[in-house]
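K.L.:
Need coordinates for the following:
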Amino acid sequence: MRTLRILTRLNIGGPAINVTLADAGLRARGYDTLLVHGRLEPGEASAVPMAERHGIPTLPLPTLVRPLSPRHDLATWRTLVRLLDQRRPHIVHTHTSKAGALGRLAARWHNRRVPPEQRCQVVHTFDGNVFEGYFGTPASRLIVATERWLARWTDAIVTVAPRQRDDLVNRYRIAPAERVVVVPHGLDLTTFSGIPVFDAGARSALGLPLDAVIAVFAGRLVPIKDVSTLIEAFARTRAACPAAHLVVAGDGPLRPELEAHADRLGLRTAITWLGWYRDVARLYATADLVVLSSRNEGTPLALIEGMAAGRPAVATAVGGVADVVSDGVTGLVVAPGDPGALASAMSRLMTDTGARHAMGAAARADIARRYSAERLADDLDRLYRSMLERRVAE
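P.N.:
Numbers count the residues shown, from 1 in each chain. Below is the predicted model:
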């Protein structure tokens, strides 16, 4: 079975990890895959080396860019149409908004020009959504209307969490329920399964204090992640737990502003700014807990990775977070944009060693059961085959 997967940017982050592991699993099951990706934005780190390590064939399209650009978008659409005509995939699977729009329009054009038995089945994954928190109200309404229009030519829409499916079907009415399926993210969890509760070697390697209680944030330093609220919350946490230390693993346009904000709050020696850090197992081995302060999320892979390492999570109740973190069992979930609530949750886990260890152990077991890469590939294999069988039956 030939698949063509299209992603706007193959940058370090959840969608790139997910598509890489998905294609790796499908290739192990006999699929012929190709991953098409666009151009990175300034300050982003490439996930192409990760795809190469997994033996995933990739094709960069320099004209596929995130911002709206009629000249680049038209060139990308034409390239995708030619690629579809040449490759004749059975499945076209798009991810993220720009790739989702151009990829589905190209598939629509391709399918109108070939015999019915040669038409591809079209799948789009909402790894998150940009319906709120990213743009103003008029733009958000336009995006919703566009997604409804594109859904008319999409054979299956994938969400990564049950709450996200409910939003797409009932809140935004993107597509009818029978065409929207849940396929949770999958990860290579073997990397995290053997990480001990405390790893002095990992801390020493990163120059972190051995006697600190460490919270790790991993992600892009962009507005939607609301790291400024995390910094304010951490300043309050230090008052309750003077041994608290924050590690920020990631980069982005807001980094200078966030570092200055932390300095003004007297946190210069209490926060370690790592930038992009590829050894995620070592990163989470330094942690006592993982934290997320986002205003919007799909399924946050950084939380899944940290929890797979046996670290409890403190996270905001947005998107698919509540599907990942069981409040009071595998971590604590608080309202977004509330530094007081975030500080209270962080302080509780930093000062209560017993609760922290119990939630961390529960998190490791729960993630191992629900988020393996094998399960991800099996789910997609079943979805693709059922779609092709249904087409033949029709």
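K.L.:
Mind listing residues that contact the lengthiest helix in the chain?
P.N.:
Ranked by number of residues, the top helix in the chain under DSSP state H is helix 373-393. For helix 373-393, the external contacting residues (CB atoms under 8 Å, 6 or more residues apart in numbering) are 1, 3, 18, 21-22, 24-26, 28-29, 31, 90-91, 119, 121, 123, 155-156, 158, 181, 183-189. Quick note: C-beta positions are derived from backbone N, CA and C, even for glycine.
K.L.:
now that helix: mean pLDDT?
P.N.:
Rounded to a whole number, the mean pLDDT of helix 373-393 is 92.
K.L.:
Same check on stretch 155-163?
P.N.:
Stretch 155-163 shows a mean pLDDT of 92.
K.L.:
ok now that stretch, how far from the chain's centre?
P.N.:
The chain centre lies 14 Å from the centre of stretch 155-163; the measure is CA atoms, centre = their mean, to the nearest Å.
K.L.:
Enumerate the positions of it that are buried.
P.N.:
Buried residues in stretch 155-163, counted by 16 or more other CB atoms under 10 Å: 155, 156, 157, 158, 159, 160, 161, 163.
K.L.:
Going by secondary structure, the fourth one is in what exactly?
P.N.:
Residue 158 is located in strand 156-159, with elements delineated by DSSP states H and E.
K.L.:
where in the stretch 1-150 of the chain is pLDDT low?
P.N.:
Scanning the stretch 1-150 of the chain for pLDDT under 70 picks out 128-137.
K.L.:
all strands of the protein, in order?
P.N.:
2-9, 32-38, 58-60, 91-95, 121-126, 156-159, 180-182, 213-218, 244-249, 271-273, 289-292, 313-316, 331-334 (DSSP state E).
K.L.:
rewinding a little: from the buried residues of stretch 155-163, which is closest to residue 108?
P.N.:
Closest approach to residue 108 among the buried residues of stretch 155-163 (CB to CB): residue 155, at 11.2 Å.
K.L.:
circling back: relative to residue 146, which of the strands of the chain is closest?
P.N.:
strand 121-126 (12.1 Å).
K.L.:
Which strands and helices lie in contact with that closest one?
P.N.:
strand 91-95, helix 97-112, strand 156-159, helix 373-393 (3 or more CB pairs under 8 Å, 6 or more residues apart in numbering; DSSP states H and E).
K.L.:
tell me the angle it makes with strand 91-95.
P.N.:
20 degrees (axes from the mean of the first three to the mean of the last three CA atoms, to 10 degrees).
K.L.:
Only alpha carbons, please: show strand 121-126 as PDB.
P.N.:
The C-alpha trace of strand 121-126 is given here as PDB (Å, rounded to 0.1, in the frame of the first residue of the first chain):
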ATOM      1  CA  GLN A 121      -8.500   8.000   0.000                       C
ATOM      2  CA  VAL A 122      -8.000  11.200   1.900                       C
ATOM      3  CA  VAL A 123      -7.300  11.500   5.600                       C
ATOM      4  CA  HIS A 124      -6.600  14.600   7.700                       C
ATOM      5  CA  THR A 125      -5.300  14.600  11.300                       C
ATOM      6  CA  PHE A 126      -6.000  17.500  13.600                       C
END
